[in-house]
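Novice: With the input below, show me the fold.
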Amino acid sequence: MIRSARPARSVRSGWLALVLAMFTLVTAGCASIPVSGPVVTQSRSAGGDDKIGVIMSPESPPQGASPAMIIRGFLLAMASSEADYATARQFLTQEASQAWSPVTSPTLIYASGTTPRVSGNQVTMSGAVVGYLHADGSFSGSSEPTWTHDFGVVRENDQWRISNPLPGLALSQYLFIQNFPRVNVYFFPSSGSVLVPDPRYIPRTDQTTTAQLVIDGPSQWLGGIVDASARDGLALSEDVTLTASGVAEVHLNEVVETLDLEEASRLAIELAATMRDITGVRSVRLWSPNGAVTLLGAASDGSMPVSAVPAHDSTPTGSQSALLMARDGVLSTVQDMLASVTPVNGDWGTTQRDVSAIAWHGAQSKIAAVTADGLTVGSAGGTPPQLIDSESSWLRPQFDLQGNLWVLRVADDGPLVSIITSDGAVKQIDGSGLSDMDISRFSISPDGRRMLLVRQSGTTDAPVTELGVALISYDDQSDQPTAIVSWKPIRLAWEGGTLKSLVDIAWLGPSSLLVLGSPGAGNTPGLFLSDLDGLTMEEWGLPQSWQPVELATHITTANPQVVVRDADGTLWSYEEGFQWSHFGERVTAVAFPS
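Specialist: Predicted structure coming up:
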């Protein structure tokens, strides 16, 4: 049976209120609140019972405050830790205060630097929409370019007050990033044994809050490929505690007793994966009202060790790999920046082809290439590769973890997506979720359940490229991909704007990616590290003279390998410290093994 997307299960009542009430900022007065600044990558470990940030005491509106002061004070008061936002309501008219219910709507995250605009007695705000924070801590990007709101400032009791507040809360991207660290919550898909991350943003990352995220189930988006219905009604019966030996004790209600052995064990692994970065957590033990829950693969004390998680991680633990390149029409493997160049065994290393893109499955020694003749697939050595399709407009192919070769091209009626299985069978994938998209690049995630996609939009004179991510639905019985669903945009914010010209993309981990791009077509592309939601961006250096056209990565738990191909056929290899090494010539395609 092919499992279709389903609505996410409801989270605990009041979860959003808890999350937002714990959000705190530092200030000695309204005038010194930091509301903007550079968007940078943050690395924060989840641990302890401390809140992220420090406490702010919101100030009531002063007598005689101007309309602009009222708006600023209201925005700051919304970020307080007060129950029911009592001070924020003081900036509203009595009628608006009674009607305002901010926790029932998603929180608007807007571009930093957005300030109120005053025209007479009218006060409005207008700026770029970054996205929305939802009740379960998940974030969704927005395809809306801007938002504009008129606060309806009016006189009441001889003071300026707001008659038209935003339906929910609003935070600048800067404040959001600084105070809501990301937690990757891990779930098993409906079929398969590789964990998929579900990024959440919460101001508190203690063991109880983190465990609750797992128990509440996947976000609405990831719920399209994760079935957690067996856990309906499951809840913590008390706070999670941590023993001196590092065991996180997770006490659950009676619903846990309805889970079978495999379901309970998968839940324990998900909890261990999600909580592994919390200081001191070494394992997770589940409890029902009647005692410890039996788990497959448990340690002698009945707990699921964190050491069991890597077997289900999608990021390989191997060392560095050789690079496959097409040079002068034949394929070779490269070690240490051409210190060792070895032609591929057999036909691939001897017969010249006009190669524009390649893919390599190292474990199966399989290679795929897009050439002027079409799509060619075969093994390294042995029988010559076979021409599978004579169409030469296929995008760069890619092998997934199962050995399936993914191929995609854009036809008149939309993208055509297929896989060639490890036994050579060709299977069409339902790509209706990408209908009317002009796809120029795609990249399969390390877990094989998500796909990055670059689509073209705009006009001929002003082209725009947009990045998004979609889910890959699998058949429960065959554990093979069937459809691409639930595409959502990723807004890549950089220096007050966005990256609008994208050359290439690649995964760098389960929830991070590299982007070759620039703010506009006239700018030299740079390499950027981003999280999956596009909220944090870091530039990885920009060589003084390059024209990058292709990006290849090899993901390891140590230092990832990153190679960029230049339009002139030379290669750039990323080194530590934002340094690049230049080597090679006459190269037309590169790939690391999948």
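Novice: neighbours around residue 529, how many?
Specialist: Counted with other C-beta atoms under 10 Å, the neighbours of residue 529 add up to 17. To be clear about C-beta, it is placed using only N, CA and C from the backbone, and glycine gets the same treatment.
Novice: There's contact between it and residue 541 in this structure, I believe.
Specialist: No: look at residue 529 against residue 541 with C-beta atoms under 8 Å: they stay out of range, at 10.7 Å.
Novice: any residues in contact with both of those two?
Specialist: Common contact partners of residue 529 and residue 541 (C-beta atoms under 8 Å, 6 or more residues apart in numbering): none.
Novice: for the chain, which spans come out with low pLDDT?
Specialist: 1-56, 81, 316-318, 338, 458, 496, 557 (pLDDT under 70).
Novice: what about 50?
Specialist: 1-55 (pLDDT under 50).
Novice: top helix in it by residue count?
Specialist: For the chain, the longest helix by residue count, based on DSSP state H, is helix 261-275.
Novice: Helices along the chain, start to end?
Specialist: Using DSSP H, helices in the chain cover 15-21, 67-77, 86-89, 94-99, 173-179, 207-215, 261-275.
Novice: Who are the packing partners of the fifth one?
Specialist: Applying 3 or more C-beta pairs under 8 Å, 6 or more residues apart in numbering; DSSP states H and E, we find helix 173-179 packed against strand 107-110, strand 122-133.
Novice: closest one to residue 378 among those?
Specialist: strand 122-133 (43.8 Å; C-beta to C-beta).
Novice: Name the residues of that closest one that are buried.
Specialist: Within strand 122-133, the residues scored as buried using 16 or more other C-beta atoms under 10 Å are 123, 125, 127-133.
Novice: Report the central residue of the chain.
Specialist: residue 532 (2.1 Å; C-alpha atoms, centre = their mean).
Novice: measure that one to residue 330 for me?
Specialist: 37 Å (C-beta to C-beta, to the nearest Å).
Novice: cool, residue 587 as well?
Specialist: Applying C-beta to C-beta, the value for residue 587 to residue 330 is 11 Å.
Novice: neighbour-wise, which of these two wins?
Specialist: Each of residue 587 and residue 330 has its neighbours counted (other C-beta under 10 Å); residue 587 has more, 23 against 17.
Novice: list the contacts for the nearest residue to residue 434 once chain neighbours are set aside?
Specialist: Spatially, and ignoring its direct neighbours in sequence, residue 434 is nearest to residue 415 (4.8 Å; C-beta to C-beta, 6 or more residues apart in numbering). Counting by C-beta under 8 Å, 6+ apart, residue 415 touches 408-409, 431, 434-435, 437, 439.
Novice: hey, what's residue 563 bridged with?
Specialist: Residue 563 has these beta-bridge partners by DSSP bridges: residue 552, residue 573.
Novice: Phi, psi for residue 63 please.
Specialist: When read as degrees, to the nearest 10, the backbone of residue 63 gives phi -60, psi 130.
Novice: That one contacts residue 160, doesn't it?
Specialist: No: with contact defined as C-beta under 8 Å, residue 63 does not reach residue 160; the gap is 10.6 Å.
Novice: picking up where we left off before, so which of the contacts of residue 415 wins on neighbours?
Specialist: The residue in the contacts of residue 415 with the most neighbours, by other C-beta under 10 Å, is residue 434 (25 neighbours).
Novice: circling back: may I see the helices of the chain organised as TSV, with distance to residue 423 added?
Specialist: Compiled in TSV, these are given as follows (distance: least, C-beta to C-beta, whole Å):
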stretch	distance to residue 423
helix 15-21	46
helix 67-77	59
helix 86-89	62
helix 94-99	62
helix 173-179	46
helix 207-215	36
helix 261-275	28
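Novice: Serialize these to JSON lines and add fields for mean neighbour count and distance to residue 221.
Specialist: Converted to JSON lines, the helices of the chain look like this (neighbours: other C-beta atoms under 10 Å; distance: least, C-beta to C-beta, whole Å):
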{"stretch": "helix 15-21", "mean neighbour count": "20", "distance to residue 221": "17"}
{"stretch": "helix 67-77", "mean neighbour count": "22", "distance to residue 221": "28"}
{"stretch": "helix 86-89", "mean neighbour count": "19", "distance to residue 221": "30"}
{"stretch": "helix 94-99", "mean neighbour count": "13", "distance to residue 221": "30"}
{"stretch": "helix 173-179", "mean neighbour count": "22", "distance to residue 221": "19"}
{"stretch": "helix 207-215", "mean neighbour count": "23", "distance to residue 221": "14"}
{"stretch": "helix 261-275", "mean neighbour count": "23", "distance to residue 221": "17"}
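Novice: Turn the helices and strands packed on helix 173-179 into a markdown table, columns for distance to residue 321.
Specialist: Formatted as a markdown table, the helices and strands packed on helix 173-179 follow (distance: least, C-beta to C-beta, whole Å):
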| stretch | distance to residue 321 |
| --- | --- |
| strand 107-110 | 38 |
| strand 122-133 | 35 |
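Novice: Which one of the helices of the chain lies nearest to residue 566?
Specialist: Residue 566 lies closest, by C-beta to C-beta, to one member of these: helix 173-179, at 32.9 Å.
Novice: Next, report how far the closest one is displaced from the centre of its chain.
Specialist: Centre-to-centre, helix 173-179 and its host chain are 17 Å apart (C-alpha atoms, centre = their mean, to the nearest Å).
Novice: same thing with stretch 587-594?
Specialist: 24 Å.
Novice: Extract the CA atoms of it and return them as CSV.
Specialist: Written as CSV, here are the backbone C-alpha positions of stretch 587-594 (Å, rounded to 0.1, in the frame of the first residue of the first chain):
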residue,chain,number,x,y,z
VAL,A,587,37.3,18.6,-16.7
THR,A,588,33.6,18.5,-17.8
ALA,A,589,31.9,16.7,-14.8
VAL,A,590,32.7,15.6,-11.3
ALA,A,591,31.1,13.3,-8.7
PHE,A,592,31.9,11.7,-5.3
PRO,A,593,30.5,8.3,-4.6
SER,A,594,27.0,8.0,-3.2
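Novice: Can you tell me what sits against it?
Specialist: For stretch 587-594, contacts defined as C-beta under 8 Å, 6+ apart pick out 321-327, 329, 354-363, 369, 396, 398-401, 550, 552-554, 561, 563, 565, 569-571.
Novice: ok, now with 6 Å
Specialist: With contact meaning C-beta atoms under 6 Å, 6 or more residues apart in numbering, stretch 587-594 is reached by 321, 324-327, 355, 357-362, 399, 552, 554, 563, 565, 569, 571.
Novice: Now do the buried residues in stretch 400-407.
Specialist: Going by neighbour count (16+ other C-beta under 10 Å), the buried part of stretch 400-407 is 400-407.
Novice: With stretch 234-243 instead?
Specialist: Buried, per 16+ other C-beta under 10 Å, within stretch 234-243: 234, 236, 240, 242.
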